[in-house]
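A.B. asks: can you look at this prediction? I've put the sequence above it.
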Amino acid sequence: MNEMNPATAKVMPMGADSGLPHIIIVGGGAGGLELATRLGDKLGKKGKAKISLVEKFRTHIWKPLLHEIAAGSMDVGRYELPYQAQGYWHGFQFRYGEMTGIDRKKQLVYLAATYDEEGREITPVRSFRYDTLVIAIGCVGNAFNTPGVKEHAIMLDTPEEAERFNRRLINACVRAFAQEGPVRPGQLDVAIIGAGATGTELAAELHQTARGLVAYGLDKINPEQDIKITLIEAADRIVPALPERISKGVAKTLRDLHVDIKTGSRVVDVTDKGVKLQNGDFVPSELVVWAAGVKGPDVLSHLDGLEVSRSGQLVVTETLQTTRDPNIFAFGDCAYLVPKGADAPIPPRAQAAHQEASHLYVELQRRLKGQPLRPFPYRDFGSLVSLGGYSTVGSLMGFIVGKSFFIEGLFARLMYRSLYKMHEMALHGPGKVILDTLSRVITRRTEPVVKLH
Ligand SMILES: Cc1cc2nc3c(=O)[nH]c(=O)nc-3n(C[C@H](O)[C@H](O)[C@H](O)COP(=O)(O)OP(=O)(O)OC[C@H]3O[C@@H](n4cnc5c(N)ncnc54)[C@H](O)[C@@H]3O)c2cc1C
């Protein structure tokens, strides 16, 4: 990435629509792309405001699908959405590049230059002037300075990393199949550090796809014996952020699948051979995934003095405005907000990002009309954990009784899938969602059920 140099950044001209208020959204993820799409449709297309989306990748993948991509049960190509096309269809400008800084006085957002695989520049260092800036750049894995994580573990922060993990998994299986001798002990073992929703879902998904891979002819590998999955968690139970009953349900399913669960285990080192625990145990592993905690991306701590929390997220008020600049909003995983009366911040979840995007969609229109902003009312709808094709368990919030209740099985699975459908609906509307769903159902029957390349 090119270092930001505000002095040399090219300030881009506003174009024919320069008289319009300019709303720039940075980050086209679960929340940002929904907001850009809906504001583009409502204001951009009608010439009431200029809407721009700054994003460091060129295609969008909904982040909760990353563990399925990593395991190989989902083909990225079928689910990715090009920002350029989405902007063209929905009335917003796509600006390719990574935000590296802002100038609050001049109301500029800076973008790094972008390069192709051969190192040729695609876009130069640029800056864009905003009237309202909305930051929705998500969060990144937090290694808590654990040695070896950067070098030897993969974090599922981006589609690229999920695909890298998947390629390494397939390569390891093909290597084991092609070698002369039998599969060596530990040669195909996987260690997942962090047994939150991401880690547990990945463990189940991997169990399923590993068997799928072998079923396509890599029959020298005995999945029960040769592929061992270890789930390592520092807390005394898995999915510690969710109610105990869910934790027990998830643990039972995983144990039935022979996933080795190590709770109360702190990782002190990750090497190219495996994972070292504080109690001295060593977990040999060919592949290591780090899914133990998140923090705000580093750039947030250098945004011209905006306030950040200890977790590196932007601190926002109940209107989702940053505490030190009312022209800058932040939401989704990169924002830190403890709602009134709550004792914990809003968790980094897609359901929160979706609710906040819907809230800002209305509130930013009110702001353009000079009306006062209303506080964001967060509603926790519960949490669900999908364990591949084996099971889905979770809790749903019953709003009449005000308590959560436990669900599992088909109903839980449908509820889990409905979160993605809500995201797709916000991006495409019902017609395209129905057509896309049908086409995926049909092609699933004609293609391998796991990725083999
Ligand atoms: C494997 C996995 C499973 C999950 N499962 C669930 C689940 O079941 N339910 C649930 O509610 N949540 C789940 N989550 C959490 C959920 O994905 C996040 O809470 C959600 O994606 C947050 O949305 P967001 O818009 O804040 O950020 P993101 O969706 O992460 O989007 C951020 C965007 O900003 C872009 N970006 C980052 N930095 C920059 C920059 N400097 N400049 C420009 N662009 C930038 C990124 O490329 C990305 O497109 C899961 C997460 C993972 C990793």
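C.D. replies: Here it is on my side, so go on. Residues are numbered from 1 along each chain as shown.
A.B. asks: which stretches in the stretch 301-450 of the chain count as strands?
C.D. replies: 314-315, 321-322, 325-330, 335-336, 382-387, 391-398, 403-408 (DSSP state E, counting those that start in this stretch).
A.B. asks: those: which one's closest to the ligand?
C.D. replies: With C-beta to the nearest ligand atom as the measure, strand 382-387 is the member of the strands of the stretch 301-450 of the chain nearest the ligand (6.4 Å). C-beta coordinates here come from the backbone N, C-alpha and C atoms, glycine included.
A.B. asks: that closest one pairs with which strands, parallel or anti?
C.D. replies: strand 391-398 (antiparallel) (DSSP bridges).
A.B. asks: which element is Arg245 on?
C.D. replies: Assigned by DSSP states H and E, Arg245 belongs to helix 244-256.
A.B. asks: what angle separates that helix from strand 391-398?
C.D. replies: Following axes from the mean of the first three to the mean of the last three C-alpha atoms, to 10 degrees, one obtains 170 degrees for the angle between helix 244-256 and strand 391-398.
A.B. asks: now helix 244-256: buried residues?
C.D. replies: Using 16 or more other C-beta atoms under 10 Å as the test for burial, helix 244-256 gives Ile246, Ser247, Gly249, Val250, Ala251, Thr253, Leu254.
A.B. asks: what does the average pLDDT come to for that helix?
C.D. replies: Mean pLDDT, helix 244-256: 91.
A.B. asks: any weak-confidence spans in the stretch 301-450 of the chain?
C.D. replies: 398-402, 444-450 (pLDDT under 70).
A.B. asks: just so I know, which of the strands of the stretch 301-450 of the chain lies nearest Val109?
C.D. replies: For Val109, the closest of the strands of the stretch 301-450 of the chain is strand 325-330, at 9.6 Å, according to C-beta to C-beta.
A.B. asks: so what's the residue of the stretch 101-250 of the chain found nearest the ligand up against?
C.D. replies: Going by C-beta to the nearest ligand atom, the ligand is nearest to Gly138 of the stretch 101-250 of the chain, at 2.5 Å. When contacts are counted by C-beta atoms under 8 Å, 6 or more residues apart in numbering, Gly138 touches Gly27, Gly29, Ala30, Lys63, Pro297, Gly332, Asp333, Cys334.
A.B. asks: list the contacts of the nearest residue to it once chain neighbours are set aside.
C.D. replies: Nearest residue to Gly138, sequence neighbours excluded (C-beta to C-beta, 6 or more residues apart in numbering): Asp333, at 4.5 Å. Applying C-beta under 8 Å, 6+ apart, we find Asp333 in contact with Gly138, Cys139, Val294, Gly296, Gln313, Pro348, Ala353.
A.B. asks: rerun that using 10 Å as the cut-off
C.D. replies: Residues in contact with Asp333, defined by C-beta atoms under 10 Å, 6 or more residues apart in numbering, are 27, 29-31, 63, 136-140, 294-297, 313, 346-350, 352-353.
A.B. asks: which of the strands of the stretch 301-450 of the chain sits most buried?
C.D. replies: Neighbour counts (mean count of other C-beta atoms under 10 Å) averaged over each of the strands of the stretch 301-450 of the chain peak at strand 335-336, with a mean of 26.
A.B. asks: that strand packs against which elements?
C.D. replies: Contact analysis of strand 335-336 by 3 or more C-beta pairs under 10 Å, 6 or more residues apart in numbering; DSSP states H and E lists strand 314-315, helix 350-368 as its packing neighbours.
A.B. asks: that one: partners in the sheet, and parallel or antiparallel?
C.D. replies: Partners of strand 335-336 in the sheet, by DSSP bridges, are strand 314-315 (parallel).
A.B. asks: Ala30 in helix, strand or coil?
C.D. replies: coil (DSSP: H, G, I helix; E, B strand; the rest coil).
A.B. asks: distance of it relative to the ligand?
C.D. replies: 3 Å (C-beta to the nearest ligand atom, to the nearest Å).
A.B. asks: what do you get for Ala71?
C.D. replies: 10 Å.
A.B. asks: that residue reaches His207, doesn't it?
C.D. replies: Yes: counting by C-beta atoms under 10 Å, Ala71 does reach His207; the two are 8.7 Å apart.
A.B. asks: between these two, which contacts overlap?
C.D. replies: Joint contacts of Ala71 and His207 (C-beta under 10 Å, 6+ apart) are Gly388.
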